[in-house]
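> Structure for this input, please:
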Amino acid sequence: MSLKQKSINGMFWSFTETIGVKIFSVSVFLMLAKLLGPEPFGLVALTSSIVFLSGTLTNQGFVEALIQRKETHQEELSSAFWGIIGVGIFFFLCMQLLAPYMAKTYDEPQITEILRVHSISLVIGSIGLVHIAKLEKHFIFKAVAI
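Next up is the predicted model:
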């Protein structure tokens, strides 16, 4: 397959993934809103925003660096993998420590437990980032999308 074909195929699957994730996210949020009601849903939405921001910081450009490198050696992949997981664990621990203070800031004691549980996704999400980078580097966007 030529580079042009790989690029077109990659754009299609990347677009499909983006649309699929957006539709899934909106669907989940609508179901949560209906199941939880306004007040608990607002608390979940607030903690989602905080965890999303922390998750964005977890990557720290490792994925982009791996994709841009002409060749990546096993040592680099391993370092990036453990580095990203370490940052994910760091932000997870920060959320565990800061949750009571955030609850006091918003005068909502329930935020503490919601944020603590929700922040587990920082560690779980960091586990697959290097693997996704390897797939994207080789234009295997279909596997990433699925």
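> backbone phi and psi for Lys4, please?
Taking degrees, to the nearest 10, you get phi -60, psi -50 for the backbone angles of Lys4.
> Check it and give its pLDDT.
We note a pLDDT of 79 for Lys4 in this prediction.
> Also Ile124?
Ile124 is given a pLDDT of 93.
> burial count for it?
10 (other Cβ atoms under 10 Å). From N, CA and C alone the C-beta is placed, and that goes for glycine too.
> do the same with the one 5 residues further on
A count of neighbours around Leu129, defined by other Cβ under 10 Å, yields 21.
> got a list of what it touches?
Thr58, Asn59, Phe62, Val63, Ile84 (Cβ atoms under 8 Å, 6 or more residues apart in numbering).
> I figured the third one hits Gly86, correct?
Put plainly, it is Phe62. No. In this structure Phe62 lies outside contact range of Gly86 using Cβ atoms under 8 Å: 10.8 Å.
> quick one, which of these two is more surrounded?
In this comparison of Phe62 against Gly86, neighbours counted by other Cβ under 10 Å, the higher total goes to Phe62 at 20 against 12.
> Could you find the closest non-adjacent residue to that one?
Ala80 (4.6 Å; Cβ to Cβ, 6 or more residues apart in numbering).
> I'd like the next helix or strand past the host helix or strand of the one you found.
According to DSSP states H and E, Ala80 maps onto helix 74-105. Downstream of helix 74-105, the next assigned helix or strand under DSSP H and E is helix 110-118.
> buried ones in that following helix?
Ile111, Thr112, Ile114, Leu115, Arg116, His118 (16 or more other Cβ atoms under 10 Å).
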